[in-house]
Structure formats: C-alpha cells, structure tokens
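1. The sequence and its predicted three-dimensional model are supplied below.
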Amino acid sequence: MTSPQPTLPAVRPGSGSQYAHLLRLVKAAGLLERRSTYYRWKIAVTTALFLGGWVAFVLIGRSWWQLATAAFLAFVFTQLGFLGHDAGHRQMFRSHRANYVVGVLHANLAIGLSYGWWVDKHNRHHAHPNEEGKDPDIDIGALAFTAAQASGRGRIAAAIYRRQAYLFFPMLLLEAISLHLSSVRALAKRATGRSAWETALFGVHVVGYLTTVLLVLSPLQALVFVLAHQGLFGLYLGCSFAPNHKGMAILNPDDRTDYLRRQVLTSRNVRGHWLTDFMLGGLNYQIEHHLFPSMPRPNLRRAQEVVRQFCRAHDLTYCQTGLLTSYAQALRHLHAVGRTPQAAGA
C-alpha cells in the first residue's frame with residue numbers, strides 16, 4: 001500500500017489576493033523590518049564561541065578530551081550555518097553585498113560549505129517546496145520520499161528504502177561530509193568572479209582545519225576527532241532541518257497550488273519556547289519562514305500568531321507539533337514509502 005499523502009485543497013477563487021492581504025498585515029506590524037543590531041550581536045557572540053573553541057582545542061592539546069571539543073565545535077558550526085542561512089535570505093542587512101560577505105565568511109571560510117551553491121539549491125527548495133522533480137531537498141538519492149522514487153531506483157536502493165526509517169538518523173552522521181563534497185563539486189565547475197573568492201575561502205578552511213588538527217593531535221586522535229566533529233555537525237544540522245517538511249504534502253510536478261497554500265501546507269512548525277528557537281535557529285517557525293523568507297529570525301515568533309489567525313480565518317490547515325512528534329511523523333512517512341509494494345518488488 002502506498003504512503004497516504006495529505007490532500008491539498010483546490011485553489012479557491014481570489015486566493016491569489018489572500019497572500020497579498022497577509023503580507024500587508026505583516027508589513028503593517030513592522031515584521032519585515034531588518035534587525036541589524038540583533039544580528040551584529042549574534043554574529044559577535046557566535047564568532048567568539050568559534051574562536052574560543054579552537055583556542056581550547058590548542059590548549060587541551062593531545063588528549064582524548066578533544067572529543068568534548070569536537071561536540072562543542074559541532075554545535076558552533078551549526079549555529080554558524082544558521083547565520084549563513086539567514087544571510088542567504090537577506091534577513092540581516094538591507095545591503096545585498098553585506099549579506100553576501102557575511103554568508104561567504106560563515107559558510108565557505110568558517111564551516112567549509114559553498115555559499116553560492118547552497119543559496120541556489122535552497123532558493124529552488126523555497127520556490128518548489130516538496131514538489132516532486134523540482135525540490136532538491138526531496139531528490140537526494142539516499143532516501144525515497146515518494147512511491148515513484150522508491151520503485152524507480154533499482155533493487156539495492158529498494159532494499160535500503162525498506163529500512164530507511166531506521167537508517168535516517170545514522171545517515172545524518174554523513175550529512176556534513178555530503179555537503180562538503182557537494183561544495184567541492186560545485187566550486188570545481190565555476191572559476192570566475194565571486195566563485196573564485198568562494199573557492200579561495202573554502203580552500204583556506206580546508207587547509208586551516210586539517211593543519212590545525214594534525215599539528216595538535218596524533219594521527220589516530222586526529223582521525224577520530226574529525227569523524228566525531230563532522231558526524232555530530234551533520235547530525236545536528238540534519239535534525240534541525242528534518243522536522244520542517246518531511247512527511248508533509250508532496251506536490252505533483254504539474255501542481256498549480258497558489259503560493260500561500262503551497263508554502264503553508266508543505267511546512268510544519270515545531271512548538272517550543274526560546275530554547276527551541278535558539279537550538280533550531282528559528283527554523284521551527286517554518287511556515288512563517290517560507291511565507292516570508294526575508295523576515296529576520298527574531299520576528300518569526302511575533303509573526304506566528306498573525307499567520308495562524310489568518311490561516312484559521314481562511315480555513316487553511318496550520319500544522320504545528322512538538323519536536324519529537326515531528327520526527328515521528330517524518331519517520332512514519334519514510335517507513336510507509338519504503339514499504340510500498342512497488343519498492344518491495346523492485
């Protein structure tokens with residue numbers, strides 16, 4: 001039996017104007033105004049944690065206590081990634097150049113991720129969330145999100161898909177490595193203009209990271225440190241993005257759902273408080289973020305009630321769950337897709 005998919009309502013007459021109405025409400029509340037002071041402090045504190053982590057790494061020296069440093073730096077790398085995400089959506093500053101500079105410094109230099117490649121990929125995701133054949137986030141090969149994917153990639157893939165719900169979190173340990181490799185491939189294809197600066201900064205990161213680790217630690221300790229650091233970095237990053245769309249409505253390639261419904265019905269919010277906001281980088285307000293990608297992170301919580309009331313008034317389902325429930329829904333979806341008769345017989 002194929003995985004049940006949430007049903008999208010038909011587009012209603014005049015629905016195109018509904019988003020314009022919501023946008024006016026949000027603008028009137030000042031929720032799209034930049035929060036530059038917030039981001040300056042956020043950047044300063046996160047940078048201090050990043051530098052402090054590496055200073056501690058050098059001072060601790062050749063010791064297995066460096067595994068604790070690896071965990072701390074995995075946390076900081078993810079927080080830097082959140083800032084790169086916000087810069088990519090131009091949430092920080094009015095100047096496109098300022099956002100770009102912050103983005104490449106946090107992505108290419110600090111954590112070893114191609115900013116230009118990621119922004120292009122992420123923009124395609126925002127334009128086509130959960131749309132089969134167009135959203136790169138549900139076309140990753142290692143996992144199947146639709147019955148068509150589960151049955152169309154061969155016997156070996158089908159065997160993996162049947163167990164993908166159990167393999168999902170272990171696979172996230174490889175997420176950072178996958179992002180690094182994708183960045184290398186992307187940068188290798190572009191060698192002019194801004195990409196040259198991105199390649200240079202990425203190279204500085206790789207050389208600086210490996211040199212520091214190999215100079216301070218023994219070869220075995222260095223290997224274990226890198227595996228632990230990159231594994232935990234990928235796990236934290238993946239766990240932050242996983243609740244947002246997995247298990248929500250999948251759109252067909254020829255879908256004509258309007259922008260408002262496309263963004264709301266394919267997204268899931270995670271219920272929580274200030275700690276949830278901090279740990280998930282504001283991505284727990286996924287509905288508001290998808291409706292208004294340039295909205296600064298600290299304004300998303302304030303926008304939530306406006307959007308929720310608007311959805312209620314227009315009979316539009318607003319999905320919000322706890323964090324553990326969001327993971328359970330995503331895993332149930334992966335399990336159902338992987339167990340489709342087509343996949344089982346592939």
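-> Thanks, I have it.

2. Within the helices and strands, which one has Tyr100?
-> Assigned by DSSP states H and E, Tyr100 belongs to helix 96-104.

3. Tell me which other helices or strands that helix touches.
-> If contacts are counted by 3 or more C-beta pairs under 8 Å, 6 or more residues apart in numbering; DSSP states H and E, helix 96-104 sits against helix 66-88, helix 115-127, helix 194-216. No exception for glycine: its C-beta is placed from N, CA and C like everyone else's.

4. Now do it and helix 194-216, the angle between them.
-> 30 degrees (axes from the mean of the first three to the mean of the last three C-alpha atoms, to 10 degrees).

5. buried ones in helix 96-104?
-> Asn99, Tyr100, Val102, Gly103, Val104 (16 or more other C-beta atoms under 10 Å).

6. Let me have those in CSV, adding pLDDT and distance to Leu167 as columns.
-> Listed next are these as CSV, based on pLDDT from 0 to 100; distance: C-beta to C-beta, whole Å:
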residue, pLDDT, distance to Leu167
Asn99, 96, 36
Tyr100, 96, 37
Val102, 97, 35
Gly103, 97, 32
Val104, 96, 33
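
7. for these, which one is nearest Glu288?
-> In terms of C-beta to C-beta, no member of these lies closer to Glu288 than Asn99, at 19.6 Å.

8. doesn't Gly84 make contact with the closest one?
-> No: here Asn99 lies out of contact with Gly84, judged by C-beta atoms under 8 Å, at a distance of 10.0 Å.

9. what's the distance between the residue nearest the centre of the chain and His289?
-> With distances taken as C-alpha atoms, centre = their mean, the residue of the chain nearest its centroid is Phe241 (4.2 Å). Distance from Phe241 to His289, counting by C-beta to C-beta, to the nearest Å: 12 Å.

10. okay, and the common contacts of these two?
-> Residues touching both Phe241 and His289 by C-beta atoms under 8 Å, 6 or more residues apart in numbering: Leu283.

11. follow-up on the earlier one: which residues sit in contact with the residue nearest to the centre of the chain?
-> Residues near Phe241 by C-beta under 8 Å, 6+ apart: Leu283.

12. Buried residues, the helix or strand harbouring it. List them.
-> Assigned by DSSP H and E, Phe241 belongs to helix 219-241. Using 16+ other C-beta under 10 Å as the test for burial, helix 219-241 gives 221-222, 224-226, 228-241.

13. and the closest residue to Gln329 other than its chain neighbours, helix, strand or coil?
-> Closest residue to Gln329 apart from its sequence neighbours, by C-beta to C-beta, 6 or more residues apart in numbering: Gly247 at 4.3 Å. Of the three states, Gly247 takes coil under DSSP: H, G, I helix; E, B strand; the rest coil.

14. Tell me who's in contact with Gly247.
-> By C-beta under 8 Å, 6+ apart, the residues touching Gly247 are Arg268, Gln329, Ala330, Arg332, His333, Leu334.

15. Identify those among the residues you listed that sit within strands.
-> The strands, defined by DSSP state E, take in nothing from those.

16. Serialize the residues you listed to a markdown table and add fields for distance to Gln164 and neighbour count.
-> Formatted as a markdown table, the contacts of Gly247 follow (distance: C-beta to C-beta, whole Å; neighbours: other C-beta atoms under 10 Å):
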| residue | distance to Gln164 | neighbour count |
| --- | --- | --- |
| Arg268 | 19 | 22 |
| Gln329 | 15 | 17 |
| Ala330 | 11 | 21 |
| Arg332 | 12 | 14 |
| His333 | 10 | 21 |
| Leu334 | 5 | 24 |
